[in-house]
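# got a sequence here, can you model it:
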Amino acid sequence: MINCPLSGGPAGVEDGTLTIRIGGNEKALTGITSSLKSVGDHIEYIEPSGAGQTLKLCDNMIVGGVLTLLS
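The predicted structure follows:
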């Protein structure tokens, strides 16, 4: 099992330039790499299951904090 949170928004979906952070079993990743490359151009393997989602949440919290400070 792997988890693959995506970043890049609607424009990234349309352009196929999403960032994909993958957590989980690296052996399972080999069977889906070509599918992931069709939607994203930056693929990061982050090791244990859930790690990709944790990193995405950290990024979202940083962006939220910066937007709050700028407001």
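
# ramachandran angles for Ile22?
Taking degrees, to the nearest 10, you get phi -110, psi 130 for the backbone angles of Ile22.

# neighbouring contacts of the lowest-mean-pLDDT helix or strand in the chain?
The helix or strand with the lowest mean pLDDT-type score in the chain, counting by mean pLDDT, DSSP states H and E, is helix 26-29 (a mean of 81). Under the criterion CB atoms under 8 Å, 6 or more residues apart in numbering, residues Met1, Ile2, Ile22, Tyr45, Glu47 lie in contact with helix 26-29. C-beta here means a position set from N, CA and C on the backbone, and glycine is covered the same way.

# flag the least confident of those.
For those, the least confidently modelled position is Met1, at 78, judged by pLDDT.

# surely Met1 meets Ile22?
No - counting by CB atoms under 8 Å, no contact exists between Met1 and Ile22, whose distance comes to 11.2 Å.

# which one of these two is surrounded by more residues?
When Met1 and Ile22 are compared for neighbours, Ile22 comes out ahead with 24 against 7, by other CB atoms under 10 Å.

# the more buried one contacts Gly50, doesn't it?
No - under the criterion of CB under 8 Å, Ile22 makes no contact with Gly50, lying 11.0 Å away.
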